[in-house]
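S.K.: Here is my input, please return the structure:
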Amino acid sequence: MENLHDFFKQIQLNSQLSLDDIPDLDLYMDQVIQLFENKFDVLKRDEQEKVLTKTMINNYAKGKLFYPIENKKYSKDHLMLIAMIYQLKGALSINDVKTTLHQLNKMITEENFALANLYESYVQLAEDSMQQMKSETEQLIHDVEEHSKSLPSQNADYLQELLLVTSLANMSNYYRRAAEKMVDRIANKMDT
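M.R.: I've put the predicted structure just below:
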């Protein structure tokens, strides 16, 4: 299972759109798509997968996941919100994403909230989470190796990989459920 240690060291699981990646000028939709394709290309499972499409952006706009654009251009704040939507939609429903970002959109439009500082924290926390995940994965690989010793088989490597996949899926489910509970908490506060 030594190759799994190397595998997890080499794969790139986290990519964030940093403030430095976002131009200071407003972008048209095609430019937004190109920016996201270039930045998140490493996360795609295959070449046919699209990071972001016009339909996705239009659906986010129609669903009010971000506040309206002006003159068919997306501001730096829009790009930060779309980057957050991109990451959130991997674990949450679009409705949950909308609930989560509703108050933030309101703060930006009604209170002139400066999104950049919050976004910087978001990016840093994502990096911190990635480092934590790498550490936890190393421990998980060790645990899988220990548990799989009692499973002698010609397919030992497969069984270890199976246990690792199921363990990672379980962890993902636990984190998603915790995030959903936080969304429910946000929604309950909005209702009061």
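S.K.: Mark out where each domain of the chain begins and ends.
M.R.: 19-119, 129-191 (the TED database).
S.K.: right, so of those domains, which gets closest to Phe7?
M.R.: domain 129-191 (9.4 Å; Cβ to Cβ). To be clear about C-beta, it is placed using only N, CA and C from the backbone, and glycine gets the same treatment.
S.K.: Which positions in the longest helix seen in the chain come out as buried?
M.R.: The single longest helix within the chain, with elements called by DSSP state H, is helix 156-191. For helix 156-191, the neighbour count (16 or more other Cβ atoms under 10 Å) marks 159-161, 163-164, 167, 183 as buried.
S.K.: That one - what's its average pLDDT?
M.R.: On average, the pLDDT along helix 156-191 is 93.
S.K.: next one: stretch 133-150
M.R.: In this model, stretch 133-150 carries a mean pLDDT of 89.
S.K.: Give the buried residues for that stretch.
M.R.: Buried-residue list, stretch 133-150, by 16+ other Cβ under 10 Å: 133, 137, 140-141, 144-145, 148.
S.K.: swap in stretch 17-33?
M.R.: 17, 19, 22, 26-27, 29, 32-33.
S.K.: picking up where we left off before, any chance of CSV for the domains of the chain, columns distance to Phe7?
M.R.: As requested, the domains of the chain are exported to CSV (distance: least, Cβ to Cβ, whole Å):
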stretch, distance to Phe7
domain 19-119, 15
domain 129-191, 9
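S.K.: For Leu13, which of the ones you listed is the nearest?
M.R.: Using Cβ to Cβ, those put domain 129-191 closest to Leu13, at 6.5 Å.
S.K.: Endpoint to endpoint, the closest one covers what distance?
M.R.: 31 Å (Cα to Cα, to the nearest Å).
S.K.: Which residue, other than its chain neighbours, is closest to the residue most central in space within the chain?
M.R.: In the chain, the residue lying closest to the centroid (Cα atoms, centre = their mean) is Gln87, at 2.3 Å. In this structure, Gln87 finds its nearest non-sequential neighbour in Ala126, 7.3 Å apart by Cβ to Cβ, 6 or more residues apart in numbering.
S.K.: Cool, thanks, signing off.
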